[in-house]
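K.L.:
3D, please:
(chains A and B)
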Amino acid sequence: MNIVEKILARASGKPQVSPDDVIFANVDKVMLHDVSGPGVIKVFEKLKNQGISVDKLWDPTKVWVAEDHFVPSADKVSAENIVKLSNFTKKYGIEKHFKYGMGQYGICHTLSHEEALVMPGDVYVGGDSHTNTTGALGAFACGLGHTDIAYVLLNGKIWFKVPETYYFKINGKLPDHVMAKDLILKIIGDIGTDGGTYRTMQFGGSGVDEMSVQSRLTLCNMTTEAGAKNGIVEPDQKVIDYLTSRGATNVNLVNGDDDAEYAKVFEYESSEMEPLVAKPFSPDNISVVREAPSVELDKSYIGSCTGAKYEDLVAVAKILKGRKVKIRTEILPAAISIYQRAMENGLLKIFLDAGATIGPPTCGACCGAHMGVLAKDEICISTTNRNFPGRMGHIESQTYLSSPLVAAASAVTGKITDPRDLK
Amino acid sequence: MKGNIIKYAQDNIDTDVIIPGQYLKVHDYAELATHAMEGLDPDFHSKVKEGDFILSGRNFGCGSSREHAPIALSHSGIKAVLALSFARIFYRNAVDGAFLLPIEIDQDAYDGISEGDEIDIILSTNEIKNITKNQTYKMKPFSEIIGKIIAAGGLFKYKPDQD
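P.N.:
Model prediction:
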């Protein structure tokens, strides 16, 4: 069995599972946030009216809650959602509730790894499509809707059809100017936004072995944009070190068997990779940066679970150091722990000296929620994950998706810029 | 199950246009319905009637996992979405929450059915009858688990232990 089949077999109490088997898997961790949480609360209200008991959760110690989409509260409605969420966690005894303005908080997917909340081999489900991100730790990490999350909270399990796996073998270390974001954009461009639908996208090979855990998180994060059920990397010593440095103990590895089977294997040579952008209006509409349209950008947005991890901010600082931004540039570290590290290591000073604005951790404008949404005809280059029409604001605004290096280089020139071409 | 078609002849209709991100904070189902399809078709709310079906291309409902999307469509009166294929979370939300039927169709049905056509979806034979044009197409049968959850009326009413 491959790693996903092994995790799902263990979680469903079966000696073996194969693609297309339907199983009920016991869930190890579950996450909700200020959008899916109130959605789940609404489902609980419906269930109560139908006479189904919602008095207690199956295991509140396995649940954690993030405040990320509309925080700091964007308006009255979002403020009320935060209050609802607090009442919910209090009522059900959920202790892991990361509240903004009270120490560590941030984007749910960022907390999953920054706070070592998910372990290799876990079945981890979250009320958000980018739950896939956390597969980089070697977990089966999958996004679900409100009804499914409510079901998990009450029953501790959920049904899955065992996915077949596409294996992406990356040969060699990525060149300096190329980031994991470029690689995943390349893959999405090749297989399309439905190329991974219902499937696992697994990443391996020497290129992935060489990669930091944070880069692997970027790969798995955007498997969602290919429609995949989950993304995964087999965990190794780097994952153990990453999690133990964040407080985890007894991290155990799980790996696929030597004779693991994959539905299809794709090979990529890292040395052939170049900085890329996804043009409006789809993450699979890919262009090499040097051949991208010569548009006048209005904004560079460096944020989100995809593109505001510590490593991403280091890449941005490398470009912005000693330079000035030419267009509006917003930098929103994805969690307070990252913000703090960026402060301690002088990155925030570099950003401010360059003229950028630094915002608090939030999903913010990535999903068009608040804090920097786009006006009609505005054009943005962004380290986020989606650029469908209206994703970041007005339906006639445009978003180009890129790596943090490209977004920073473009902030300096006001045009879509390959970091190698920066003077 | 009979209804009239609202056709969007394009692929990749994502949840950002089915219900734009600014409404994610809204959890009142009736209010969500007033914003359904707003990102693609601002006239949708005024033209949709109870019992209508949506017809679209590949990868319907891609993008965010927001259950707001099937909720907004369902509370607008949409009983089924017919598409060449679906994104997985939209599909599962539609079924597990018992909001609407996601019906996978083939190219013949996609090409043959027009805006406003009256359609009869016959689950017992996996057929779609176009009453307006007097044509019949095949629909892809639901997989076993999906069929059972739909028959039960959603995931919470489905009892896997009784299988």
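K.L.:
okay, CA-based contacts and neighbour counts for the rest of this
P.N.:
OK.
K.L.:
helix/strand/coil for B:Asp108?
P.N.:
The three-state assignment at B:Asp108 reads helix, by DSSP: H, G, I helix; E, B strand; the rest coil.
K.L.:
what's the burial count for it?
P.N.:
B:Asp108 has 11 neighbouring residues, counting by other CA atoms under 10 Å in any protein chain shown.
K.L.:
got the residues of chain B near chain A?
P.N.:
Chain B has residues B:12, B:14, B:16-17, B:20-22, B:24-27, B:39, B:59, B:62-67, B:87-89, B:93, B:96-97, B:145, B:155-156 near chain A, with proximity defined as CA under 8 Å from any CA of the partner chain.
K.L.:
in chain B, which spans are strands?
P.N.:
Using DSSP state E, the strands of chain B run over residues B:2-8, B:53-56, B:80-83, B:101-104, B:118-122, B:127-130, B:135-138.
K.L.:
with mean pLDDT and distance to A:Val277 as extra columns, can I get those strands in CSV?
P.N.:
Shown next, in CSV, are the strands of chain B (pLDDT from 0 to 100; distance: least, CA to CA, whole Å):
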stretch, mean pLDDT, distance to A:Val277
strand B:2-8, 98, 28
strand B:53-56, 98, 28
strand B:80-83, 98, 29
strand B:101-104, 98, 32
strand B:118-122, 98, 42
strand B:127-130, 98, 42
strand B:135-138, 97, 40
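K.L.:
so what's the residue count around A:Gly138?
P.N.:
Other residues close to A:Gly138 by other CA under 10 Å number 27.
K.L.:
ok, now which ones touch it?
P.N.:
Contact partners of A:Gly138, counting by CA atoms under 8 Å, 6 or more residues apart in numbering or on different chains, are A:119-122, A:232-235, A:253-254.
K.L.:
so which of those residues also contact chain B?
P.N.:
Among these, not one lies near chain B by CA under 8 Å from any CA.
K.L.:
for A:Arg391, grab phi and psi.
P.N.:
Backbone torsions for A:Arg391, taken as degrees, to the nearest 10, come to phi -60, psi -40.
K.L.:
no wait, A:Val288
P.N.:
Here is the backbone geometry of A:Val288 (degrees, to the nearest 10): phi -60, psi 140.
K.L.:
mind checking how far it is from chain B?
P.N.:
To chain B, A:Val288 is 23 Å away according to CA to the nearest CA, to the nearest Å.
K.L.:
next, count neighbours for that residue.
P.N.:
Neighbours of A:Val288 under the rule other CA under 10 Å: 16.
K.L.:
show me the contacts for the nearest residue to A:Val152 once chain neighbours are set aside.
P.N.:
Of all residues not flanking A:Val152 in the chain, A:Ile158 sits nearest, at 6.0 Å (CA to CA, 6 or more residues apart in numbering or on different chains). With contact taken as CA under 8 Å, 6+ apart, A:Ile158 is in contact with A:24-27, A:148, A:151-152.
K.L.:
could you point out which element follows whichever strand or helix holds A:Ile158?
P.N.:
Assigned by DSSP states H and E, A:Ile158 falls within strand A:157-161. Using DSSP H and E, the helix or strand that follows strand A:157-161 towards the C-terminus is strand A:165-171.
K.L.:
per-residue pLDDT of the closest residue to B:Arg66 other than its chain neighbours, please?
P.N.:
In space, and not counting its chain neighbours, B:Arg66 is closest to A:Gly145: 6.2 Å by CA to CA, 6+ apart. Note for A:Gly145: predicted pLDDT of 97.
K.L.:
also the one 4 residues further on?
P.N.:
On pLDDT, A:Ile149 comes in at 98.
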